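> Turn this into a structure:
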Amino acid sequence: MTSSSDSTASSGSSALTRRTLLGLASAGLAAALLPMSASASASAPGSARAATEAGAVAARLPAPTGPYGIGTVSARLVDRSRHDPWVPAQPYRELMVSVWYPAAPGAGDGRPRARYMAPGAAAPWDASAPHGIPKGALDFAATRTHAREGAPADTRGGRRPVLVYAAGAGDPRTWGTALVEEMAGRGYVVVTLDHTYESPAVQFPDGSVKDFGPVMKAFQEAEKNGTVPQLLKKTTDVRVADSKFLLDSLGSLPHGLSALVDRRRVGMVGHSAGGIAAAQTMYEDRRVRAGVNLDGTLEFNSEPQGTNLMPVAEHGLDRPFLLMGSDRPTEPSWRAFLSHSTGPHRELTLRGSLHQAYTDLSALLPQTGADRATLEKNIGTVDPGRAVTAQRAYVASFFDRWLKNEDDGLLDGPSARYPEIEFTG
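Model prediction:
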């Protein structure tokens, strides 16, 4: 992802209580984010190389199944219409995105496969031992995706539907690459977004790296002052504002890709806090025609559940939306959302899964040599490969139906091909 451009538009602390950790986790702000700062701040720029020398391996991502090769580029986007919400002294908001798209036949010849993560972002991510992956076990910077850097786009099919992918809080924009590549290989343009100062580390084209220090400090102060729900609302508001700005920027994507996207066919998908952002952005911005929430609650606190609903849960949506959840008790905010929604909707459960089964952890953790107990602790009892396959199939079926007018019938009811998927609403 070495190609980059600037686009401008006008438009843990261990002192945190268990109650706060539960609240953050329920809002999609993974509790793992909180104690991460100590290890991340201790990491040096050479951490990725040191990990490799200590035996870290470059992981393999599951191959996409679609008919298209994939290209990718990255870009720095600058929103000069607002100060940065986490660092108010900065008079603009800057974000990093990656764009994944169908590549022209043979376009990958001679072009390198893109890195999974930029080195400056990979080092602190590795240092945090993310979601059960031991520090130094995987070389995230050396891991390669299936996309070719800067490959020419396939323009034979005309303009293509575009998806925005949002990762969970404390996770990098790359943490859903297995799903993102699948959708690009099926003919979508997919834009992944890092929320600066909330993502663990974001590397910009000039080599600078911005970490989550400002957000960590804000949460520590909110815990002290008893204002965590208000800060959770601010975090969601920032994510929605970033997402709206990204929608504004679809007309100025790098590498000429704006000519490839059909801005009348926009979808949004996210995991955890990213799923929250998908739902709330869709509620506030009618440019998003269809959305998918992968295991993100729709309320600002968890105690008692169902008492501090987000607007999207209070009022529902009138456009297609898919909820895919982990194997857990009924989520009250989802019940409220479904009862108020008039648009087409489905709720699915991935049997035997935990929260992170909807991320690249399903593909990466088994490659560390993790034993069954470790896999079950972090992913669940679901087979990791089947978790990836099922998620890809149902997300693709949903967006194909509502953005391409192509219906494979998978969402009509249970399928023997995917016994791990339960229709729950």
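
> how about the strands in this structure?
Along the chain, the segments classed as strands by DSSP state E run 6-9, 69-79, 93-103, 113-115, 144-149, 160-166, 189-194, 201-203, 209-211, 261-271, 288-294, 321-325, 345-350, 421-423.

> Can I get those in CSV including mean neighbour count?
C-beta coordinates here come from the backbone N, C-alpha and C atoms, glycine included. Conversion of the strands of the chain to CSV gives the following (neighbours: other C-beta atoms under 10 Å):
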stretch, mean neighbour count
strand 6-9, 16
strand 69-79, 23
strand 93-103, 25
strand 113-115, 21
strand 144-149, 22
strand 160-166, 27
strand 189-194, 26
strand 201-203, 23
strand 209-211, 19
strand 261-271, 23
strand 288-294, 27
strand 321-325, 26
strand 345-350, 20
strand 421-423, 16
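
> lowest-confidence stretch among these?
Least confidently modelled of those is strand 6-9, at a mean of 40 by mean pLDDT.

> Mind listing the residues bridging to the closest residue to residue 270 other than its chain neighbours?
Closest residue to residue 270 apart from its sequence neighbours, by C-beta to C-beta, 6 or more residues apart in numbering: residue 166 at 3.4 Å. Here residue 166 sits in beta bridges with residue 193, residue 270, going by DSSP bridges.

> got the CA coordinates for stretch 129-146 in PDB?
Taking Å, rounded to 0.1, in the frame of the first residue of the first chain, the C-alpha atoms of stretch 129-146 are listed here in PDB:
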ATOM      1  CA  ALA A 129      -0.100  -9.300  22.100                       C
ATOM      2  CA  PRO A 130      -3.400  -8.600  20.300                       C
ATOM      3  CA  HIS A 131      -6.400 -10.900  21.200                       C
ATOM      4  CA  GLY A 132      -4.300 -13.800  22.300                       C
ATOM      5  CA  ILE A 133      -1.600 -13.700  19.600                       C
ATOM      6  CA  PRO A 134       1.700 -13.900  21.600                       C
ATOM      7  CA  LYS A 135       4.000 -11.000  21.200                       C
ATOM      8  CA  GLY A 136       6.600 -11.800  18.500                       C
ATOM      9  CA  ALA A 137       4.600 -14.800  17.100                       C
ATOM     10  CA  LEU A 138       3.500 -13.200  13.900                       C
ATOM     11  CA  ASP A 139       5.300 -10.600  11.700                       C
ATOM     12  CA  PHE A 140       2.300  -8.400  10.800                       C
ATOM     13  CA  ALA A 141       4.500  -6.100   8.600                       C
ATOM     14  CA  ALA A 142       5.900  -9.100   6.600                       C
ATOM     15  CA  THR A 143       2.500 -10.800   6.200                       C
ATOM     16  CA  ARG A 144       1.300 -10.100   2.700                       C
ATOM     17  CA  THR A 145      -2.300  -9.700   1.500                       C
ATOM     18  CA  HIS A 146      -3.500 -11.100  -1.900                       C
END
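
> Now do the contacts for residue 322.
Residue 322 is in contact with 290, 291, 292, 293, 345, 346, 347, 348, 394, 395, 398, 411, counting by C-beta atoms under 8 Å, 6 or more residues apart in numbering.

> Determine the number of other residues adjacent to the last one.
The local packing count at residue 411 equals 19, with neighbours defined by other C-beta atoms under 10 Å.

> circling back to that earlier point, want to throw the contacts of residue 322 into JSON lines with distance to residue 332?
Below are the contacts of residue 322 laid out as JSON lines (distance: C-beta to C-beta, whole Å):
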{"residue": "290", "distance to residue 332": "24"}
{"residue": "291", "distance to residue 332": "20"}
{"residue": "292", "distance to residue 332": "20"}
{"residue": "293", "distance to residue 332": "15"}
{"residue": "345", "distance to residue 332": "16"}
{"residue": "346", "distance to residue 332": "18"}
{"residue": "347", "distance to residue 332": "13"}
{"residue": "348", "distance to residue 332": "18"}
{"residue": "394", "distance to residue 332": "23"}
{"residue": "395", "distance to residue 332": "24"}
{"residue": "398", "distance to residue 332": "23"}
{"residue": "411", "distance to residue 332": "24"}
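
> Return the closest of those residues with respect to residue 171.
For these, the residue nearest residue 171 by C-beta to C-beta is residue 293; the value is 15.2 Å.

> circling back: unless I'm mixing things up, the residue nearest to residue 270 is touching residue 278, no?
Yes: contact criterion C-beta atoms under 8 Å: residue 166 and residue 278 qualify, at 6.2 Å.

> Find residues that contact each of the two.
268, 269, 270.

> since we're on residue 314, how many residues are nearby?
Residue neighbour count, defined by other C-beta under 10 Å, stands at 14 for residue 314.

> Next up, the contacts around it.
Residue 314 makes contact with 336, 340, according to C-beta under 8 Å, 6+ apart.

> can you pull the pLDDT of it?
96.

> and the residue nearest to residue 270, how far is that from residue 176?
The gap separating residue 166 from residue 176 is 9 Å, by C-beta to C-beta, to the nearest Å.

> Quick check: neighbours shared by the two?
The contact lists of residue 166 and residue 176 share 192, 271, 274, where a contact means C-beta under 8 Å, 6+ apart.

> I'd assumed residue 168 was in contact with the last one.
Yes: taking C-beta under 8 Å as the definition, residue 274 is a contact partner of residue 168 at 5.6 Å.

> the more surrounded of those two?
Neighbour tally, residue 274 and residue 168, criterion other C-beta under 10 Å: the higher count belongs to residue 274, 34 against 31.

> Contact partners for the more buried one?
For residue 274, the contacting residues are 28, 165, 166, 167, 168, 176, 239, 294, 296, by C-beta under 8 Å, 6+ apart.

> The fifth one contacts residue 277, correct?
Just to be clear, that refers to residue 168. No: in this structure, residue 168 is not within contact of residue 277 by C-beta under 8 Å, at 9.8 Å.

> what is in contact with the two at once?
residue 270.
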